[in-house]
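Participant: what would the 3D arrangement of this be:
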Amino acid sequence: MMSLVGMARKDRKRVKVAIPPMSIASEGKPKPKMPRKKYEAELRKLQVELVKLQEWVKHKGLRIVVIFEGRDAAGKGGIIRRITERVSPRVFRVVALPVPSDRERTQLYLQRYLQHLPAAGEVVLFDRSWYNRAGVERVMNFCTEEEYDRFLDNIADFERFLVEDGIILIKYWISVSNQEQERRFRKRIEDPLRQWKLSPMDLESRRRWYDYSRARDMMFAASDTEHAPWYVVRADDKRRARLNCIAHLLSLIPYEELPREKVVLPERDESKAYDDVTPLLSRRFVPEIY
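Facilitator: As a prediction, this is how the structure comes out:
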């Protein structure tokens, strides 16, 4: 398999797409913030559709990979949470790998990702992915020039291999403007409930904004292909970004609503009835302070 991945294809086609400037939040004037009530109503509709998609994925044995990349504080985690909060974790599985161990650093780079690819009836959501090599590893000098160049040379062929094997591969770049990223970072610094989200790497990424921009552009040039294109999600408005991304994801996977048998709740069997409340009274209860 890996010899196939490593093959150079001279006839590889790149998708020529006009990527809008990353510093622009929306076309024309920014839209007003979506009211929470409307947002929650629209989100519920989309989550109902995700449940239907889930049943279709199981029924058809589909294998789906969704990659979420983007700058720090762009909102990747928030989108993933809204996708997964109403579906089964046995079908929708989130992969967010930690820093590679000493052993993993000696492996083939893609090896630690291959083991997380889906089996039939699974959707795997990568909260950052093998594109770490094209982003943070490149910018922070965590890989060599040779390793970086090899990744860009081979990634399109690797993804072609996945697609030709039947995996549905969807890639999202979550875009946040310079001003909005700064605002979110400052909020993390000030809010004790968000401070855990802020790491030294995040602060360094803020300083190296343009290095990340150049790395992003190189990544798109190498991997925005017809068989595995990138889709950019404008995310200065988190609510709209979540709705837009989920709606787009649903549009890319043809599915049908499967008929469900009517569920009848059975009556409790009283033939073995006993006082099952009193035995609990001698146990330790959590204090009811609310």
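
Participant: could you use CA atoms for every contact and neighbour count after this?
Facilitator: OK.

Participant: any regions of the stretch 1-150 of the chain where pLDDT drops low?
Facilitator: Scanning the stretch 1-150 of the chain for pLDDT under 70 picks out the ranges 1-29.

Participant: show me the helices in it, by range?
Facilitator: Counting by DSSP state H, counting those that start in this stretch, one finds helices in the stretch 1-150 of the chain at the ranges 2-6, 36-60, 76-84, 102-105, 111-114, 136-139, 145-164.

Participant: JSON lines please, covering those helices and showing distance to Glu270.
Facilitator: Shown next, in JSON lines, are those (distance: least, Cα to Cα, whole Å):
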{"stretch": "helix 2-6", "distance to Glu270": "62"}
{"stretch": "helix 36-60", "distance to Glu270": "35"}
{"stretch": "helix 76-84", "distance to Glu270": "38"}
{"stretch": "helix 102-105", "distance to Glu270": "57"}
{"stretch": "helix 111-114", "distance to Glu270": "52"}
{"stretch": "helix 136-139", "distance to Glu270": "62"}
{"stretch": "helix 145-164", "distance to Glu270": "55"}
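
Participant: between those, which one is nearest to Phe68?
Facilitator: Among these, the nearest to Phe68 by Cα to Cα is helix 76-84 (6.3 Å).

Participant: so that closest one versus helix 36-60, what angle?
Facilitator: Interaxial angle, helix 76-84 versus helix 36-60 (axes from the mean of the first three to the mean of the last three Cα atoms, to 10 degrees): 60 degrees.

Participant: give me the residues contacting helix 76-84.
Facilitator: 47, 50, 68-70, 92, 125, 127, 174, 238, 241-242, 245-246 (Cα atoms under 8 Å, 6 or more residues apart in numbering).

Participant: show me where the chain has its strands.
Facilitator: Taking DSSP state E as the criterion, the chain carries its strands at 63-70, 92-95, 122-127, 168-175, 230-234.

Participant: return the set of buried residues in the second one.
Facilitator: What that stands for is strand 92-95. Judged by neighbour count (16 or more other Cα atoms under 10 Å), strand 92-95 contains these buried residues: Phe92, Arg93, Val94, Val95.

Participant: direction included, what does it pair up with?
Facilitator: Applying DSSP bridges, strand 92-95 is found paired with strand 122-127 (parallel).

Participant: and the contacts of the partner strand?
Facilitator: 57-58, 61-69, 76-77, 80, 90-97, 116-118.

Participant: same thing but at 6 Å, please
Facilitator: Here strand 122-127 makes contact (Cα atoms under 6 Å, 6 or more residues apart in numbering) with Arg63, Ile64, Val65, Val66, Ile67, Phe68, Val91, Phe92, Arg93, Val94, Val95, Ala96.

Participant: report the angle between that strand and strand 63-70.
Facilitator: Going by the same axes, to 10 degrees, strand 122-127 makes 10 degrees with strand 63-70.

Participant: now find how far off-centre strand 122-127 is within its chain.
Facilitator: The chain centre lies 7 Å from the centre of strand 122-127; the measure is Cα atoms, centre = their mean, to the nearest Å.

Participant: for the remainder of this discussion, apply numbering that starts at 22.
Facilitator: Sure thing, new numbering starts at 22, so read that last one as strand 143-148.

Participant: next, the angle from that strand to strand 189-196.
Facilitator: Strand 143-148 and strand 189-196 are oriented at 20 degrees to each other (the same axes, to 10 degrees).

Participant: give the buried residues for strand 143-148.
Facilitator: Glu143, Val144, Val145, Leu146, Phe147, Asp148.

Participant: let's have those in a markdown table, adding distance to Glu167.
Facilitator: Putting these into a markdown table (distance: Cα to Cα, whole Å) gives the following:
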| residue | distance to Glu167 |
| --- | --- |
| Glu143 | 34 |
| Val144 | 33 |
| Val145 | 29 |
| Leu146 | 29 |
| Phe147 | 25 |
| Asp148 | 25 |
